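**Q** Predicted model, plus sequence, below.
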Amino acid sequence: MISVLVYGRNDAHGYNPHRRVALSLNCIAEVLTDPDDEIVYVDYNSPDQLPTLVEALADTLTERCRSLLRVLRVRPSVHTRRFASRTHLGIVEPVARNAAARRSNPANRWLLSTTTDMILIPREDRSLSEICAELPDGFYGLPRFELPEWLWESQPRSDPRAAMAEIERLGPALHLDETIVSHDAMRFDAPGDFQLVLRRDFFAIDGFDEEMVLGWHVDANLSKRLLLHRGAIESLEDDVAGYHCNHHRTPTVYHGTEVANDLGHFFHRVDRVELPAQRETWGLAGVTLEETSLHDERDSAFTSAVRATLASDSSSPACVDARDTKYSLEYDSSHALPFIADALRVSRSDATIAYIGANAALEELLATLIGELDSRRSFTAAELENHASIAQLDRDTEVFIVDLGIDSSLLGSPLATAKGEEPARLRGRLVRAFVILGLVVELERARLRRGEQERAFVLINSAAVFWNAYVQAHMHCSSTTSHSRIRHAVVRPNADRGATAVAAERRADQLLRWIRRRDSGFRRIPIRPGETVEIASLGSYSGFGDGWTMPDREGVWTQGPKAELSLSLSQSVPEASTLTLWFDRVDQRPGESLAVSLLANGACLGSCEIPPTASRSRRRDGVRDTSRTPIRRPLAWLRAQAQVHGVTRIRPLRWLFIRGLELRSGAGSVLGLSPRAKYSWRVAIPPDVSAGGEVDLELVIHEPVDWLDDRRRGLHLRSLTQDGGRPRMHVPLDEAMPTEVESTR
């Protein structure tokens, strides 16, 4: 009897959309009683990463409503290709309504074009289907009665009978049943909330005018043309009351803009009923739309497919320390799969899924799952060694699954620190996957510049510090936690090249070079006389052995009792070389000293004891101690250093004491001194030890040590200098009392 035509999008259109739409659809379903009745809902341009709006709220729909609903999905790619360049709107209303009408049940006599804000209440004990069965041919409208937000949102959305009874009782009592009339060619204001038209008439006039892509007046145009076709607009106000759920607590995309369809062209000057220009194309003719019935077993089948894929994995759930995941390159593939599957649940049933990664375990699970889900989906994996294949991958793929980790079962130790050929091979494959991600991002960016639809990316383990900066700069992505390791993302049309983003990418590249320092062959760190090697600026960290944390933006901490460092000293200085190690921080408990020795090729070059330092901030009974070190001695030293360098006048400075005897100021540019290092340790390397220039250093912190915390950090190495036996002419400015540690042998 009746095909109800409605449309929407999974966004935040209007106030409280999920409650409003569920209430409306459930109430509309209650007044449809003919066996052929249907509600055809067109989900237009919801992002590919999301389900349709109706699927998202399906659990709040009544069984009757779900049995009547047909959900047709117009993907963003259709909108982007056909309409996006012509409109600012995410939904093209006439196209959405026409798509529903073209695919409606041909057996039905009537089409009812309405909205998912309407609640229809027959005035007698009859259904809308029974009322329409007795109607003569014609075109029918209805006045719209407005419901305030507090009223409709207080109704039980899943109990439409109770909601309708309450609205029927309160409508007249609250003086809501106010009829608003309008132009004769519309009869009632806002006619689009109820336009009942014969299906054959709708097809005869070629549907809604699809040139009206800017919003507003679409219903008025149809009303004017049907009036010309039928000669009259009849009213059903004696048989049905139509209540509209007001949703203007928050503005929508239609509010606050002057952009709209031309009312004069599309309404006042309309004098022709048919639209021959769109006769063969209206309603996305020839386009296959996905259809979802909410009365099927789709969700149950999907759950079964995921469960069947994981059935062979009998391993126990792992315990993961969240503190480690920031630097971790491994995860449990079986645990991650259900979260990855979310992207498959909302993708096209014939989509091509591409895997970019080095995790054979996850690749196998994905192939199995996609085979279980639907034979129409296809799955392909990128060839990490063949960059030429990426162009084909880019052309065919709709969903990219990018894996920047490996399965935790592959190695017995963390991949970031593991030694050997297999860890090196896996790290290399991960880096190649990361490089391919960069290539795909640029290809996607080129597609976006051509006006094509963005595609979905599922990122696995991308929050690790080695990848996160690039991902944040080049992709719009959700957050993730240690619980899932999964992020959903799309490519940014333009990369973030701000100073913060660029610095973060450089930092990530530094860390990636650090964990791969052993993978491309052993190389020592070269040092030339008089030149300073800044640790943070090294291109290769292959000279660093065990006993170090990952480097930071200024240097690197020793970790544990022994740190190994291999150097290549210049042989241009015939006498014994002098090596200076510059440290800017020491992690030691207040009042505790630190005993340190330096060995070169097994020979002890010297030992020293770093004296106790004051804490950075002392608290007494919960109150911060703001006392500061007296400034007299630091200023005496500063005056002496100024005289050495010929500086006769020092500009006024504001000093800030950071800890102990450490002092920072802006005078570094005046004196041209090294800006940060606090401790300098100068050691002589005898010719017999440095023969050939190859020196293997061991920095030993003598135990027992009362480490400051469980990171077991000792000294923060900032730079190295080979002086060739000649003392340096200065020490860093930002130590108020320079500590030049003397070696004892």
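**A** Yes, it's here. Residues are numbered from 1 along each chain as shown.

**Q** So for the top helix by length along the chain, what gets flagged as buried?
**A** Criterion DSSP state H: the longest helix present in the chain is helix 421-449. Judged by neighbour count (16 or more other C-beta atoms under 10 Å), helix 421-449 contains these buried residues: 423-424, 426-427, 429-434, 436-437, 439-441, 444, 447-448. Glycine gets a C-beta too; all of them are placed from N, C-alpha and C.

**Q** Which residue comes closest to residue 292 once chain neighbours are left out?
**A** What sits nearest to residue 292 in space, not counting adjacent residues and going by C-beta to C-beta, 6 or more residues apart in numbering, is residue 71, at 4.3 Å.

**Q** in the sheet, who's paired with that neighbour?
**A** residue 41, residue 292 (DSSP bridges).

**Q** surely it meets residue 57?
**A** No - assessed by C-beta atoms under 8 Å, residue 71 is found out of contact with residue 57, at 11.5 Å.

**Q** Nearest residue to the middle of the protein?
**A** The chain has residue 477 as the residue nearest its centroid, 1.2 Å off, counting by C-alpha atoms, centre = their mean.

**Q** which non-adjacent residue is nearest it?
**A** That would be residue 489: by C-beta to C-beta, 6+ apart, it lies 3.5 Å from residue 477.

**Q** Please apply the same query to residue 683.
**A** Nearest in space to residue 683, with sequence neighbours left out and distances taken as C-beta to C-beta, 6+ apart, is residue 605 at 4.4 Å.

**Q** Just give the number of residues close to that neighbour.
**A** Under the neighbour criterion other C-beta atoms under 10 Å, residue 605 is assigned a count of 21.

**Q** Also residue 577?
**A** 26.

**Q** Quick check on residue 204: phi, psi?
**A** Main-chain dihedrals, residue 204, degrees, to the nearest 10: phi -70, psi -30.

**Q** Residue 164 too?
**A** The phi/psi pair for residue 164 (degrees, to the nearest 10) is phi -70, psi -40.

**Q** need the contact list for it.
**A** For residue 164, the contact set (C-beta atoms under 8 Å, 6 or more residues apart in numbering) comprises 27, 30, 119, 121.

**Q** Please apply the same query to residue 11.
**A** 17, 46, 90.

**Q** for whatever helix or strand residue 6 lives in, which positions count as buried?
**A** According to DSSP states H and E, residue 6 maps onto strand 2-8. Applying a neighbour-count criterion of 16+ other C-beta under 10 Å, the buried positions in strand 2-8 are 2, 3, 4, 5, 6, 7, 8.

**Q** Kindly report the same for stretch 64-75.
**A** Buried, per 16+ other C-beta under 10 Å, within stretch 64-75: 65, 66, 68, 69, 70, 71, 72, 73, 74, 75.

**Q** coming back round to it: and the residue nearest to residue 292, what's its pLDDT?
**A** We have a pLDDT of 96 for residue 71.

**Q** any idea how far residue 335 is from it?
**A** The gap separating residue 71 from residue 335 is 32 Å, by C-beta to C-beta, to the nearest Å.

**Q** for the stretch 501-650 of the chain, what are the low-confidence residue spans?
**A** Counting by pLDDT under 70, the ranges of the stretch 501-650 of the chain that qualify are 571-576, 613-650.

**Q** Let me see the ranges of the strands in it.
**A** 525-527, 532-534, 556-559, 562-569, 577-586, 594-600, 603-610, 619-620, 623-624 (DSSP state E, counting those that start in this stretch).

**Q** now the first one: how far from the chain's centre is it?
**A** Between the mean C-alpha point of strand 525-527 and the mean C-alpha point of its chain there is a distance of 41 Å (C-alpha atoms, centre = their mean, to the nearest Å).

**Q** Likewise for the third one?
**A** Averaged C-alpha coordinates place strand 556-559 at 33 Å from its chain's average position (C-alpha atoms, centre = their mean).

**Q** by contact count, what packs against that strand?
**A** The contact analysis (3 or more C-beta pairs under 8 Å, 6 or more residues apart in numbering; DSSP states H and E) places strand 556-559 against strand 713-722.

**Q** what is the orientation angle of the strand it packs on with strand 603-610?
**A** 120 degrees (axes from the mean of the first three to the mean of the last three C-alpha atoms, to 10 degrees).

**Q** after the worst-scoring helix or strand of the chain on mean pLDDT, next one along is what?
**A** Lowest by mean pLDDT, DSSP states H and E among the helices and strands of the chain is helix 668-671, with a mean of 29. Downstream of helix 668-671, the first helix or strand assigned by DSSP H and E is strand 679-685.

**Q** Hey, what's the angle from that next one to strand 713-722? Just curious.
**A** 60 degrees.

**Q** what element comes up after strand 679-685 heading to the C-terminus?
**A** Counting by DSSP H and E, what follows strand 679-685 is strand 694-701.

**Q** for this structure, which spans come out with low pLDDT?
**A** Applying pLDDT under 70 to the chain picks out residues 252-256, 295-299, 375, 571-576, 613-678, 724-745.

**Q** Looking at the contacts of residue 11, state which has the most neighbours.
**A** Most neighbours among the contacts of residue 11, by other C-beta under 10 Å: residue 46, with 24 neighbours.
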